[in-house]
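Chemist: Whatever this is, show me its structure:
(4 chains)
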Number of protein chains: 4
Amino acid sequence: MSHIRKRFNAPANKKLVQFTSSLPFDRRLYKHDIAGSIAHTKMLAKQGIISLKDANCMIEGLNDISSEIEKGQFIFRDELEDIHMAIEARLFDLLGDLAGKLHTARSRNDQIALDMRLFTKEAISQTLKCLSDLQQSLVVVAEKNKDVIMPGYTHLQPAQPVLIAHHLLAYFEMLQRDAERFSDVQKRTDIMPIGSGALAGVAYDIDREFLSHELGFRKISQNSMDAVSDRDFVIEYIAAASLCMMHLSRLAEEIIIWSSAEFNFIELDDSFVTGSSIMPQKKNPDAAELTRGKTGRVYGNLIAMLTTMKAQPLAYNRDLQEDKEALFDSVDTLLASLEIFAGMITTLKIIKENLDRSTGGDYILATDLADYLVSKGENFRNAHGITAKLINYAAKKGKALNQLNLGEYKRLSPLFNKEILAISKSSSIATKNIVGGTAPQQVDKAIKKAKEIILKSKKGGF
Amino acid sequence: MSHIRKRFNAPANKKLVQFTSSLPFDRRLYKHDIAGSIAHTKMLAKQGIISLKDANCMIEGLNDISSEIEKGQFIFRDELEDIHMAIEARLFDLLGDLAGKLHTARSRNDQIALDMRLFTKEAISQTLKCLSDLQQSLVVVAEKNKDVIMPGYTHLQPAQPVLIAHHLLAYFEMLQRDAERFSDVQKRTDIMPIGSGALAGVAYDIDREFLSHELGFRKISQNSMDAVSDRDFVIEYIAAASLCMMHLSRLAEEIIIWSSAEFNFIELDDSFVTGSSIMPQKKNPDAAELTRGKTGRVYGNLIAMLTTMKAQPLAYNRDLQEDKEALFDSVDTLLASLEIFAGMITTLKIIKENLDRSTGGDYILATDLADYLVSKGENFRNAHGITAKLINYAAKKGKALNQLNLGEYKRLSPLFNKEILAISKSSSIATKNIVGGTAPQQVDKAIKKAKEIILKSKKGGF
Amino acid sequence: MSHIRKRFNAPANKKLVQFTSSLPFDRRLYKHDIAGSIAHTKMLAKQGIISLKDANCMIEGLNDISSEIEKGQFIFRDELEDIHMAIEARLFDLLGDLAGKLHTARSRNDQIALDMRLFTKEAISQTLKCLSDLQQSLVVVAEKNKDVIMPGYTHLQPAQPVLIAHHLLAYFEMLQRDAERFSDVQKRTDIMPIGSGALAGVAYDIDREFLSHELGFRKISQNSMDAVSDRDFVIEYIAAASLCMMHLSRLAEEIIIWSSAEFNFIELDDSFVTGSSIMPQKKNPDAAELTRGKTGRVYGNLIAMLTTMKAQPLAYNRDLQEDKEALFDSVDTLLASLEIFAGMITTLKIIKENLDRSTGGDYILATDLADYLVSKGENFRNAHGITAKLINYAAKKGKALNQLNLGEYKRLSPLFNKEILAISKSSSIATKNIVGGTAPQQVDKAIKKAKEIILKSKKGGF
Amino acid sequence: MSHIRKRFNAPANKKLVQFTSSLPFDRRLYKHDIAGSIAHTKMLAKQGIISLKDANCMIEGLNDISSEIEKGQFIFRDELEDIHMAIEARLFDLLGDLAGKLHTARSRNDQIALDMRLFTKEAISQTLKCLSDLQQSLVVVAEKNKDVIMPGYTHLQPAQPVLIAHHLLAYFEMLQRDAERFSDVQKRTDIMPIGSGALAGVAYDIDREFLSHELGFRKISQNSMDAVSDRDFVIEYIAAASLCMMHLSRLAEEIIIWSSAEFNFIELDDSFVTGSSIMPQKKNPDAAELTRGKTGRVYGNLIAMLTTMKAQPLAYNRDLQEDKEALFDSVDTLLASLEIFAGMITTLKIIKENLDRSTGGDYILATDLADYLVSKGENFRNAHGITAKLINYAAKKGKALNQLNLGEYKRLSPLFNKEILAISKSSSIATKNIVGGTAPQQVDKAIKKAKEIILKSKKGGF
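Modeler: Residues are numbered from 1 along each chain as shown, chains lettered A, B, ... in the order given. A predicted model of the protein is given here:
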């Protein structure tokens, strides 16, 4: 900026101007910057630091600039370095010298802290909305397929039968933790930093609580040096986003595996797949793959910001300028991924018959046999041993469990009686009748509870 | 484990046994594992799943094993794979077949989730204690040096004078956010997972709420598949630790710079430095350097866990075994760093005269001149322009501001009058009399408030 | 160390001693440290800096210490801070004052740089050996299953048939790049730093080239300040290891997916799986899962070291001590993973009939139809369009391609003639007869070439 | 793309189109994509797969499209998904059906691999050029200030005097390793992938060697499945860039510390600093700070790509699309940082008198006293002990070393004689006369060698 540089003996090197300008990306903060300036101007007038008349002119000018930007008429000139200076310069065009009062009792250091906090608060609200939408998609699909049994996997090996609704609700839980985390981040973002000045506080009788209230903040910052150098809230957002992307990557992986010809558990809707130019049967789960890939991007942003903040002495250093792109990219990536998933999940079709088939014989009921023996008084480890022998026997005979007769059972343990012949995937599921278990009545309760949580969230009552 | 492998046609490859065994590091969880087993046994008896007599024998056996481990008499055999099997195997030695009842209605999948949660809860308590101790050290030093003025830096260039107490309290604020974050992590850690079984829930009439209460948990998990595959709490702890280490790295950087011969603002106590074998004047701030270095280690653990969890299908996969070392190392590193810092800060000496001297001429008061002009009615940007000219003039003359006479001031603006001659670092600081500012009465209030927070925290009343 | 600290007014704080001691992990460098000291002693004698007699005593003493450590008779005392001081202290026990000559013309700063370089060189050799072994396993399995056709996947959807040998050889290529990378790292590791002293070089007439030759280095370092503060080689090793673990994680993922009941393409040998205590049919690919998980750990070590090195001023800072554990853990993890994979791959069984079956109908030949049309003169994009229509038609009729008659083909393009009825997975593969393609003769050549590379590598002639 | 989607029953969801389109960023590859298409077209004609006349038309069309893009007349439509389809679609506009031959014997999978390799090769050339320029800046400043002595630091504490030229040349060495690394990356980037098709190779008689030669590649890929899924070269570039940024962050840190009022070792040129709007004396080293901050960004890109590639099964998956932005951003960041540093270093002024002064008394010569004693026959450790006592004595007396008389020296060791009175920073430096040491003749040689390396590099002869 000319007024800052004029005392130097040389103009800024052109590459330096380009290297240090944040205007190409911080222009995105114009709304927040102008909102902050308007509130600040009101406050200056209220405190008698500037006149009411001046304040009204300035606010009008700021509103005009806002309109210009919205209409695409504003010219962003890189040499103006950042969004604050770009707006101030335009205000000088519109109002002349009066514009020089805009930055009274304020520094770019506390101003950018304000803008970033306003942006992040908004981003968190949008994130909570998107999380809730995706939760709803999961609940809808879970409820629609309440009776569908699938193999529950450990090590990607069939382990025990579960309801697919139960499986999907596991993701509801993950997203619920995500929502709680973002709400926690909100608490530490929702703090008004203006009044911190460059680093020491300001020498004007300003009303910080008024500003805080005017801009909708919960409270004001308590230490000026901390306030201008704190970017914890940016890192916290990206950390919460990383966890959320990790959850989406798990769901993405399952969608990809389930869409394979070999599993063939689900069919994605035509509107959510891409194709090959030649193989009509091919439906590629690109959105899931891309989201899985984008997980890396958000992790990268997290490391970028943590590294940038490492070992910086107080207070403001120019390194802090790096906070913007990492945050913007994380917000954009997360919101887009959540939206895509909500659409993709809502429209996917579950292929019940393949889920049934694929439970791969009834050896998946082995645990149930052991539990049966324990219920008859057998020691747990012994019950496991007997079951193992039984399944080895069946495998050698090439029989499924439901092809064994009672005699064959009894040869391995006298505790078996004819009830054992009725054992099935359904009966197995029914026995897991405990809070958090996969029994139908438990899953029903979980769906009901999930709906209540979504409803509460939609009402903003997180 | 032999009883698991005996049906295979080949013994496990020796390298595989070594590769997959977690006993070398998860033995550290023995206390939590045994506590979980004792509570589980009590619950099984209460529910009539095992007899009270059996339960008492088993609990006695478990207590004996605990003693053996504490006394260093327990032999950990790697081929037993993990701490659960090591303890069960020993219980078989002690009790014979009865030991086979220990794992009734429990799987290693929910058991390890329990152990990790108990461990993390304990780690969070210790972390909160250490954070509070370091906060106290900062407050003690701040209060002891309440009157000491230092240059406040931006870009590591002197910008405005501040109280060193104000500077130190910026770190109090950071640590306070850290404490809040760890408390938030606690909420999502404090959840009892037993009853989830391998993945589907268990088929026994167990009392999950009893278990939860017995083990001191806040609530029980709501979805079994989520509960056995969720390691969010581990990542959250490490993410919070990363932010905290980042804060320590900033303080470490300042301690290192302030200890340099050129700054010479502080002197670390002899008990907290290391020396060179030959240069007696050399006092190396090794603890600060090492902590700055260890920041990378905790960031690394964060990326390790996030990467490990990426794209894992439900439910339990062996990848999850990797959670332990990353968590243990993060806890150990953070606790040790916080303790070292508390000691180092408490005992450091602030060299008042150097802080005074180094404020490097009184050009650091430039902002105050501009604020003065604004208070006399000058437009903010004009006031900046006039001040810049004045300081250019003084620099050309080789004079400090306090060597200028009123005439020289007035040549640049008629608004200057003799009050301006009284301007000083003290008067500058006094004007920042706003919440969060560096004025002495504000810093006094901040110290008072900080002490209350520490007191509350010591009472466990975070 | 007492002789360093005695001038301080206070003993080191006990926590500081523990916090700063590297002996618990750098003891692993004893061999390298002693080898360096013996070479150094020889050189000092050769240059007349110490007498030959003294040198011989010192070398004998060092060899004795080496034996003590190997036999487990050496007592590592944490208060001795690091392996250099631990060995020196023991040498004083054995030789008295003479031991005081050991560190002539050497500092711990260049000494630890030497030890780390010796360790890394050795680790690279072992890594190259293990890479070659795993390559061999892949080639053996590829050759043994040369005729087996499998579906080649994109987006985990069947795309075109390929030979499984071709698929496996893709990993041969990845590992070959890994080997090249490690060899490149070797070039920059293989540099002898002694003579750099603490940071400025030493004031003795030492013979650096002699030392370099004695210790088997390729060349000597060119700038003392760089030499004591450079850890690029550590980061390079871990970066190369990260890429290699990434490759293993891809192969691990395939092994896990192929081992699923739904794919069932391979069967791991009993000696390389773990089981469930109750489900005898369950063979968990734990080694693959754990390796996939451990990928995160090595990535974490990479970020740890990059972060630790960030923004350190020259020359030696205590932060550098953090280099050891990150390197050691990366080496251990990579070597163990490569070894486990070599065993697991060599012993796995490919289930030919399932690979055949699962190519999921012959729609996987769609590209071949289009290529056929192009060969008959059709424009490429049109050929794709016609093929798409044909497959849509077949799908609607519920027919496989080989169930269509020539008339049905001709209805969509007159260019089809009876040759088209002979199209098959084998014929498809045969057409990819281009370097790098999946045609049998190309794969044969690739296997032959791979064997030559392995042979050359085994001869150390990488 | 319509021709791909027409068989689906639903148009692509709009959010999906936006989510999956890479055109907003891969348009940057247009030059490489067109160059690849032109070479491919030539080859198809040469092999008789298309006619020469068709080829000429197509090449003309491609050249026209290139011009349109360069002139800003080309309209990029997001729904065209990627740069390949955008160019093909435009070719259909220009040539009609003939355009349908462009993708003969090629898939987007090998095409994007080609584009990325061409881009990376170019980026490496530019990087090598920028590295060499910055090396030159360092050598220029080193040579211009050949006689300037400064304190050499360890732990940011003055340790031994060194020439500033020696200090700067340490960075020359780091950058030289960077250059070697990028050259190594070039080897593995310089591989031509076309012919790999979608994953299995192509069914046409194409001439891969011709293509390779035409496009300036060193060799052709050896396995089609590897070739379409390999992004090692992208990760390798970013890993090398991470190391290079780490080096710049170290230099940045020193520039920031040296620019502080307390050190005041250097003055950055006015064209390379930014100022405060009010404090004319303030020259903020923003470029250095920002580069230090941007280190995090490149580390983040590294983790992003490593994470994205983790555990992807073969061959092409949509996750791979994430490779572009991480690479582009890393290249842009590194090149800009190197350029800025070259300018900033070339123009900075070294303030000789402050470097002299700040060596902080002559206790920095302690090591020289010990070395002196050793040269007179004293045992190394004893020599250290005596020196420590001597400096303690001097400190207690408040004397510099050069204020001690011979008697005071002799009291501590009879080996001291009057030569010791001549010891100075210059004499200390002179004694480090060993390859890599700081003695003037060694530094002269190092400068000469550095110039030769730069000259060779400028000639492209790395």
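Chemist: how about the helices in the stretch 51-200 of chain A?
Modeler: A:52-70, A:83-95, A:108-144, A:164-189 (DSSP state H, counting those that start in this stretch).
Chemist: Ok, which of those comes nearest chain B?
Modeler: With distances scored as CB to the nearest CB, the stretch of these nearest to chain B is helix A:164-189 (3.9 Å). C-betas here are computed from N, CA, C, even on glycine.
Chemist: So is stretch A:346-362 next to chain B?
Modeler: No - when contact is scored as CB under 8 Å from any CB of the partner chain, no part of stretch A:346-362 falls within range of chain B; the minimum is 12.6 Å.
Chemist: Show residues contacting that stretch.
Modeler: With contact meaning CB atoms under 8 Å, 6 or more residues apart in numbering or on different chains, stretch A:346-362 is reached by A:137, A:140-141, A:145, A:148-151, A:158, A:161, A:164, A:255, A:263-269, A:271-272, A:400-402, A:424-425, C:261-262, C:281.
Chemist: Of those, which are in range of chain D?
Modeler: A:269, A:271, A:272.
Chemist: closest to residue C:339 among the residues you listed?
Modeler: residue A:272 (42.7 Å; CB to CB).
Chemist: Let me see the contact set for that closest one.
Modeler: Applying CB under 8 Å, 6+ apart, the residues contacting residue A:272 are A:287, A:340, A:343, A:344, A:347, A:348, D:12, D:13, D:16.
Chemist: distance of the residue lying closest to the third one once chain neighbours are set aside from residue A:351?
Modeler: Setting aside the residues directly before and after it, residue A:343 is nearest to residue D:13 in space (CB to CB, 6 or more residues apart in numbering or on different chains), at 5.8 Å. Using CB to CB, to the nearest Å, we find residue D:13 at a distance of 21 Å from residue A:351.
Chemist: before we move on, what about residue A:180?
Modeler: Using CB to CB, one gets 34 Å for the distance from residue A:180 to residue A:351.
Chemist: At which residues are the strands of the stretch 201-350 of chain A located?
Modeler: Along the stretch 201-350 of chain A, counting by DSSP state E, counting those that start in this stretch, strands occupy A:219-220, A:266-267, A:349-350.
Chemist: The first one packs against which elements?
Modeler: If I follow you right, that is strand A:219-220. strand A:191-192, helix A:208-214 (3 or more CB pairs under 8 Å, 6 or more residues apart in numbering or on different chains; DSSP states H and E).
Chemist: and of these, who's closest to chain B?
Modeler: Closest of the helices and strands packed on strand A:219-220 to chain B is helix A:208-214, at 5.9 Å (criterion: CB to the nearest CB).
Chemist: Can you give the contact residues for that closest one?
Modeler: Against helix A:208-214 from outside (CB under 8 Å, 6+ apart): A:39-40, A:42-43, A:46, A:192, A:194-195, A:218-220, B:434-436.
Chemist: Just the CA trace of stretch A:337-357, in PDB.
Modeler: This file holds the C-alpha atoms of stretch A:337-357, laid out as PDB (Å, rounded to 0.1, in the frame of the first residue of the first chain):
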ATOM      1  CA  SER A 337     -18.800 -34.400   0.600                       C
ATOM      2  CA  LEU A 338     -21.600 -34.400   3.200                       C
ATOM      3  CA  GLU A 339     -24.100 -33.100   0.600                       C
ATOM      4  CA  ILE A 340     -23.000 -35.700  -2.000                       C
ATOM      5  CA  PHE A 341     -23.300 -38.500   0.600                       C
ATOM      6  CA  ALA A 342     -26.700 -37.400   1.700                       C
ATOM      7  CA  GLY A 343     -27.900 -37.600  -1.900                       C
ATOM      8  CA  MET A 344     -26.100 -40.900  -2.700                       C
ATOM      9  CA  ILE A 345     -27.300 -42.700   0.500                       C
ATOM     10  CA  THR A 346     -30.900 -41.600   0.200                       C
ATOM     11  CA  THR A 347     -31.100 -42.900  -3.400                       C
ATOM     12  CA  LEU A 348     -29.200 -46.100  -3.100                       C
ATOM     13  CA  LYS A 349     -31.000 -49.500  -3.400                       C
ATOM     14  CA  ILE A 350     -30.200 -52.400  -1.100                       C
ATOM     15  CA  ILE A 351     -30.300 -55.800  -2.800                       C
ATOM     16  CA  LYS A 352     -31.800 -57.800  -0.100                       C
ATOM     17  CA  GLU A 353     -31.400 -61.200  -1.800                       C
ATOM     18  CA  ASN A 354     -27.600 -60.800  -2.200                       C
ATOM     19  CA  LEU A 355     -27.200 -59.800   1.500                       C
ATOM     20  CA  ASP A 356     -29.100 -62.900   2.500                       C
ATOM     21  CA  ARG A 357     -27.100 -65.200   0.200                       C
END
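Chemist: Report the buried residues of that stretch.
Modeler: Judged by neighbour count (16 or more other CB atoms under 10 Å in any protein chain shown), stretch A:337-357 contains these buried residues: A:337-348, A:350-351, A:354-355.
Chemist: per-residue confidence averaged over that stretch?
Modeler: For stretch A:337-357, the mean per-residue pLDDT is 94.
Chemist: can you tell me which residues contact the residue of the stretch 101-250 of chain A found nearest chain D?
Modeler: In the stretch 101-250 of chain A, no residue comes nearer to chain D than residue A:198, which is 8.1 Å away by CB to the nearest CB. With contacts defined as CB under 8 Å, 6+ apart, the neighbours of residue A:198 are A:107, A:109, A:110, A:228, A:315, A:316, B:154, B:159, B:160, B:367.
Chemist: nearest to residue A:95, of those?
Modeler: Within the set of the contacts of residue A:198, residue A:107 lies nearest residue A:95; the separation is 20.9 Å, counting by CB to CB.
Chemist: I'd guessed the closest one sits against residue A:197; true?
Modeler: Yes - the criterion here is CB atoms under 8 Å, and residue A:107 meets it with residue A:197 at 4.8 Å.
Chemist: out of the two, which sits in the busier spot?
Modeler: It is residue A:197, of residue A:107 and residue A:197, that has more neighbours when counted by other CB atoms under 10 Å in any protein chain shown, with 30 against 26.
Chemist: Tell me who's in contact with that one.
Modeler: Contact analysis of residue A:197 by CB under 8 Å, 6+ apart lists A:105, A:106, A:107, A:109, A:110, A:224, A:228, B:160, B:432, B:437.
Chemist: ok, and the closest non-adjacent residue to the residue of the stretch 1-150 of chain A found nearest chain B?
Modeler: When distances are taken as CB to the nearest CB, the stretch 1-150 of chain A approaches chain B most closely through residue A:100, which lies 3.3 Å from it. Once its chain neighbours are removed from consideration, residue A:100 has its nearest residue in residue B:381; the separation is 3.3 Å (CB to CB, 6+ apart).
Chemist: Count the neighbours of the residue nearest to residue A:444 when sequence neighbours are not counted for me.
Modeler: Spatially, and ignoring its direct neighbours in sequence, residue A:444 is nearest to residue A:146 (7.6 Å; CB to CB, 6+ apart). Neighbour count of residue A:146, defined by other CB under 10 Å: 14.
Chemist: cool, residue A:125 as well?
Modeler: Neighbour count of residue A:125, defined by other CB under 10 Å: 13.
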